[in-house]
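J.: Have a look; sequence and predicted model below, questions after that.
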Amino acid sequence: MTDDRHIDGYDPTSERPYADVDIEDLPAWWRRAIADHDAADGPTYLPARFADGTIVQPVIRRLEAMYDVDVTLVGVGVRHGDPWTIRVDGRDVATVERERTRAGETRYGITVDRFEEIVSDAIEMG
């Protein structure tokens with residue numbers, strides 16, 4: 001049903017992106033995010049993606065488990081259009097462009113392969 005790029009029935013360009021999705025089939029982190037957005041009467045939750053369409057959160061979780069590190073994408077004190085920072089175990093290792101699409105989805109200007117390479121290189125460099 002799911003992988004890092006495709007969720008059956010999920011259409012982030014639709015006004016009702018989850019109309020054809022059984023929410024209970026989504027990962028727990030995703031269900032919680034949808035519930036939090038619904039409770040706050042915010043816009044429909046759309047998971048962040050890399051430039052190639054890969055959903056960010058599963059990649060970060062996989063890298064954290066594989067390398068036993070904390071990986072975050074963070075924007076502290078940034079203004080619209082400023083790059084965000086990739087952190088590995090609290091260390092800033094690179095920056096990445098970030099945008100919000102018209103649908104409200106966060107899109108990072110980096111492919112999943114490049115992101116994984118940056119994290120791997122940061123771990124090797126210590």
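T.: In hand now; what should we look at?

J.: can you map out the strands along this protein?
T.: Using DSSP state E, the strands of the chain run over residues 49-50, 71-74, 84-88, 91-96, 98-100, 106-108.

J.: Columns distance to Ile23 on top of those strands, output as a markdown table?
T.: Using the backbone N, CA and C atoms, a C-beta is placed for each residue, glycine as well. As requested, the strands of the chain are exported to a markdown table (distance: least, CB to CB, whole Å):
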| stretch | distance to Ile23 |
| --- | --- |
| strand 49-50 | 19 |
| strand 71-74 | 25 |
| strand 84-88 | 28 |
| strand 91-96 | 29 |
| strand 98-100 | 23 |
| strand 106-108 | 20 |
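
J.: which stretches of this protein have low pLDDT?
T.: 1-6 (pLDDT under 70).

J.: Identify the residue spatially nearest to the residue most central in space within it, adjacent ones excluded.
T.: Nearest to the geometric centre of the chain sits Val56, at 2.9 Å (CA atoms, centre = their mean). Nearest non-adjacent residue to Val56, counting by CB to CB, 6 or more residues apart in numbering: Ala48, 4.2 Å away.
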